[in-house]
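[1] quick one, structure for this:
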Amino acid sequence: SRSLYFLGPPLALAIFAFDVSTALGIAAGVPYVLLVLLTLPRGCAKHTLPAALTGIVLTLVGWELSPAGGDVLQVTINRLLAVFSIGVVGAAVVLKHRADQRLDEEIAANLALAKTVRDQAGLAKLGEMASTVAHEVKNPMAGIVGAVHILGRRFPADAPEQEILERITNRINE
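    From the prediction side, this is the model:
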């Protein structure tokens, strides 16, 4: 659709030349302008107003420059309908591009939220693993504390070994 949009100016001039050379009383540029407006690529909404205004101006200038012919009322209604349809399609395209932009923003927000949820799930799993490791380490330590306590009963209360056993127990309980 980008290539169609960039072919626009030469097509517009060709259609304008056809429009001013015929006495058909039609706005020959309208189909082109509508097609260009409807095929504007995402992110090119800034071109909507210039394209619509160009179409309207070419339609009005073509009306003025076209050779006389046809029913004046029919030609007038045709040109006014052409200007109206260009304006309506231009407004619809602007609204569509705004909706696309909001959709893109919502998609980006949802992706960021999904990443946050994945990150939090990973942290929760890490916490769970840390808890398991702590539990697995604490169980053998409890056995060691029990063994140190039993060893402590073999020594008199004032024996220097009691101080070493007390330090071992304190380090394990830290």
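[2] next, count neighbours for L73.
    9 (other Cβ atoms under 10 Å). For the C-beta atoms, the positions are set from N, CA and C on the backbone; glycine is no exception.
[3] that should have said D100, apologies.
    Residues near D100, counting by other Cβ under 10 Å, number 13.
[4] can you tell me the average pLDDT over the host helix or strand of it?
    For D100, the host element (DSSP states H and E) is helix 72-154. In this model, helix 72-154 has an average pLDDT of 85.
[5] surely L65 is in contact with V20?
    Yes - counting by Cβ atoms under 8 Å, V20 is a contact partner of L65 at 4.2 Å.
[6] more crowded one of those two?
    Neighbour count, other Cβ under 10 Å: between L65 and V20, V20 has more, with 16 against 11.
[7] now V88: how far from V94?
    For V88, the distance to V94 (Cβ to Cβ, to the nearest Å) stands at 11 Å.
[8] tell me, how many neighbours does D158 end up with?
    The number of residues packed near D158 is 7, by other Cβ under 10 Å.
[9] contact partners for it?
    By Cβ atoms under 8 Å, 6 or more residues apart in numbering, the contact set of D158 is empty.
[10] and it, how far is that from G122?
    54 Å.
[11] OK, contacts around V61?
    Here V61 is in contact with F16, V20 (Cβ under 8 Å, 6+ apart).
[12] what is the burial count for L80?
    14.
[13] quick one, what contacts V133?
    Remark: with contacts taken as Cβ under 8 Å, 6+ apart, V133 is in contact with nothing.
[14] now do it against H97, distance only.
    V133 sits 54 Å away from H97, going by Cβ to Cβ.
[15] circling back: show me which of V88 and V94 is the more surrounded one.
    Neighbours per residue, other Cβ under 10 Å: of V88 and V94, the larger number sits with V94, 17 against 13.
[16] what helix or strand is the spatially closest residue to that one that is not a sequence neighbour on?
    Nearest residue to V94 in three dimensions, chain neighbours excluded: T48, at 5.2 Å (Cβ to Cβ, 6 or more residues apart in numbering). Assigned by DSSP H and E, T48 belongs to helix 48-65.
[17] now the angle from that helix to helix 72-154?
    With axes from the mean of the first three to the mean of the last three Cα atoms, to 10 degrees applied, the angle from helix 48-65 to helix 72-154 works out at 170 degrees.
[18] list the buried ones in helix 48-65?
    T48, A51, A52, T54, G55, I56, L58, T59, G62, W63 (16 or more other Cβ atoms under 10 Å).
[19] what residues are up against V72?
    Contacts for V72 (Cβ under 8 Å, 6+ apart) come out as none.
[20] distance of it from N78?
    11 Å.
[21] before we move on, what about D100?
    For D100, the distance to N78 equals 32 Å [Cβ to Cβ].
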